[in-house]
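Q: Pasting a predicted model and its sequence here:
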Amino acid sequence: MEKEGKNIMKRTILYSACIGSLALALTASGAQDNRKQPARARPAARPAASTHATMGARYHTAAAPHMQRSYAAPRSNSNAMARQNSARMRASSERNVAGNQQVRARNNASMNRERNIAANRNRSTEVNRSRNANELRARNNMAMNQNRNANVNRSRNTNELRARNNVAVNRNRNVAVNGTRNLAYYRGGNARINNNFHSAAFRGRQYAAFRNYHRQWHDRGWWRSHFNTVVFVNGGWWYWNAGYWFPAWGYAADSYYPYDGPIYGYNGMPPGQEIADVQQQLQADGYYDGPIDGTLGPMTREAIAAFQANNGLAVTSVVDEPTLNALGVA
């Protein structure tokens, strides 16, 4: 500190000496200018400062280092500090402004977020309310429609069931009543079995197989070599040819044929199954009350003759194409 004080005192003395020299130079320059002016224009000469006063001033200037320490140096430091303080305040102000902007932006974002949440919540509530109302309305309509459909269908089903029951009851009654009447009537001689394939009943193209039928006797090997399909039905062997089943006489020694003639076939069905279907339908229509055995015996042929006579068909008493179509079997 003491060294620093001495340095300050030296600088102050040097500064005072420079100031004094500059003042003397300016005074001398002014005196020369006054001498160059005319006499009337020269101002009155001032008395020269005494050497004592000048020395006093120099001494006073040189002897005031404490004044320089108190005012000159602090003034320079205070300006720098003022500028620094101003810069700090400006930077702080800028930081405050930036901070305020960020805070304002955050607050705005928070406010906007809350507003958006509230707005979306309201919109979602309205949309969900509408959707829920529509779904509830649709469910109610579905429930109402189900109840209506159930009631309508219940009524329809009841009517259909009643109609079916009536049909079944009437069919059973008709079978029971008409079966006895028809069988008694047709057995009385009005519809007899026709065994003559050359009679007038077998005219026409659909009866050509019956008109052309002739009994043939051959052994098993011959039948197998001439026809691909030979089946055993109710005690006899039958072969398939051109849409008809024919008895294969001689295929086996113990073969039995209650009917000797062609049987019209359909869908490749065996003759036993086909005759069983005819018996079942004749029984349902009240013409046959015998067993469903798939055998084309006298009782089944009588029922066929009765059905043909009652439906305007040629009374052939055999299973032919027109009879199958009329029965609804084919």
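A: Done, it's in. Predicted, not measured: the structure shown is a model, and the values here were computed from it.
Q: host element of Thr300?
A: Using DSSP states H and E, Thr300 sits in helix 298-310.
Q: Restrict that helix to CA atoms and write it as PDB.
A: Taking C-alpha atoms only, helix 298-310 is exported to PDB below (Å, rounded to 0.1, in the frame of the first residue of the first chain):
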ATOM      1  CA  PRO A 298     -99.000-108.800 -56.000                       C
ATOM      2  CA  MET A 299    -100.200-106.500 -53.200                       C
ATOM      3  CA  THR A 300     -97.800-103.700 -54.300                       C
ATOM      4  CA  ARG A 301     -98.800-104.100 -58.000                       C
ATOM      5  CA  GLU A 302    -102.500-103.900 -57.000                       C
ATOM      6  CA  ALA A 303    -101.800-100.600 -55.200                       C
ATOM      7  CA  ILE A 304     -99.900 -99.300 -58.300                       C
ATOM      8  CA  ALA A 305    -102.800-100.200 -60.600                       C
ATOM      9  CA  ALA A 306    -105.300 -98.400 -58.200                       C
ATOM     10  CA  PHE A 307    -103.100 -95.300 -58.200                       C
ATOM     11  CA  GLN A 308    -102.700 -95.300 -62.000                       C
ATOM     12  CA  ALA A 309    -106.500 -95.700 -62.500                       C
ATOM     13  CA  ASN A 310    -107.300 -92.900 -60.100                       C
END
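Q: where are the low-confidence patches of this structure?
A: Scanning the chain for pLDDT under 70 picks out 1-6, 25, 27-77, 120, 124-125, 127-128, 145, 147, 149-190.
Q: how about the helices in it?
A: In the chain, the helices defined using DSSP state H lie at 2-36, 51-62, 65-67, 73-185, 208-211, 220-226, 271-284, 298-310, 321-327.
Q: okay, how far is it across stretch 230-248, tip to tip?
A: End-to-end distance for stretch 230-248: 8 Å, by CA to CA, to the nearest Å.
Q: Was I right to think Ala252 contacts Trp237?
A: Yes - taking CB atoms under 8 Å as the definition, Ala252 is a contact partner of Trp237 at 6.0 Å. The way it works is simple: take the backbone N, C-alpha and C, and place the C-beta from them, glycine included.
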